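>>> sequence and predicted structure are below.
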Amino acid sequence: MSLRLTDITLTYPDGDGRLTALDRVTLDVPRGTVTAVIGPSGSGKSSLLAVAATLITPDSGTVTVDGADTTGMSRGDLAGLRRHRIGVVFQQPNLLPALTAAEQLQVMAHIDGRRPRAARGRALDLLGAVGMADRADRRPHQLSGGQRQRVNIARALMNDPGVLLVDEPTSALDHERGAAVIGLITRLTRERGTATVLVTHDHAHLAVADRVTEVHDGRLTPPAPAG
Ligand SMILES: Nc1ncnc2c1ncn2[C@@H]1O[C@H](COP(=O)(O)OP(=O)(O)OP(=O)(O)O)[C@@H](O)[C@H]1O
């Protein structure tokens, strides 16, 4: 198992009390598979991803990434874990306007202290994998929305993470481009063996997932095979 959430409860301050955003959630995501997470607005999907990304510490329960139990890890260790083992793709690509597509990826390796020449090679390989080899030297304003999201996905894979967390990646795309991005995420999951969690509101995407689980009021239904 590359990602395991066990008995996670997360609450937020809410007036005088607490709001329970995740209620004893357990989820195992094996390597090389996509688990789609659906659920109404406010049900807890983003909270689930934030806990899985170790960006929020739950009130109770454990998050295990690539076999490493994150409970009690220092902030520095968690930051290192996120850099090396977790790739995150948010709704909006959030690319840096001044950098080319290849440089968006190289920055990740630079932060990690890797050699620039090797980083350039890996960035070009990944841009090839997402069908962007011929646009490696374009800046974000010279790319379409779908192309920006491809760069975003390639960037999330730059440090070869074992876990890929994807939050509504197609919300800014039309149906066709959205389907292409979902197909890309599925293919990369298989090829690279990531444990992928895909939050989506689009039921058309569920057919490509290995398993589908639904969140309601912070509770998860047991994952079931898609289709
Ligand atoms: N920082 C916060 N402080 C207080 N309450 C929060 C905070 N973040 C989220 N919530 C609440 O927790 C619940 C779950 O929110 P979350 O963002 O995880 O839902 P979601 O399923 O991702 O929603 P959407 O589909 O609208 O993005 C909601 O009731 C929300 O209002």
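Happy to help now that I have it.
>>> okay, and the beta partners of the residue nearest the centre of the chain?
Geometric centre of the chain, nearest residue: Leu165, 1.8 Å, by Cα atoms, centre = their mean. Leu165 forms beta bridges with Val88, Val197, as assigned by DSSP bridges.
>>> quick one: residues contacting it.
By Cβ atoms under 8 Å, 6 or more residues apart in numbering, Leu165 lies in contact with 49, 52-53, 86-89, 196-197. C-beta: built from backbone N, CA, C; applies to glycine.
>>> just among those residues, which is most surrounded?
In terms of neighbours by other Cβ atoms under 10 Å, the contacts of Leu165 top out with Thr196 at 29 neighbours.
>>> that older thread, any idea of the pLDDT on the residue nearest to the centre of the chain?
Listed pLDDT for Leu165 reads 96.
>>> what does this protein put close to the ligand?
12, 19, 21, 39, 41-47 (Cβ under 6 Å from any ligand atom).
>>> state the distance from the residue nearest to the centre of the chain to the ligand.
The gap separating Leu165 from the ligand is 13 Å, by Cβ to the nearest ligand atom, to the nearest Å.
>>> look up how far Ser46 lies from that residue.
10 Å (Cβ to Cβ, to the nearest Å).
>>> over to Asp77?
Counting by Cβ to Cβ, the gap from Asp77 to Ser46 is 24 Å.
>>> and the two? which has more neighbours close in?
Ser46 (17 against 13).
>>> need the contact list for the more buried one.
By Cβ under 8 Å, 6+ apart, Ser46 lies in contact with 167, 199.
>>> so which helix or strand takes in it?
helix 45-52 (DSSP states H and E).
>>> mind listing residues that contact the next helix or strand after that helix?
Downstream of helix 45-52, the first helix or strand assigned by DSSP H and E is strand 60-65. Strand 60-65 is contacted by residues 1-9, 24-25, 51-52, 54, 69-71, 81, 85-86, 162-163 when judged by Cβ under 8 Å, 6+ apart.
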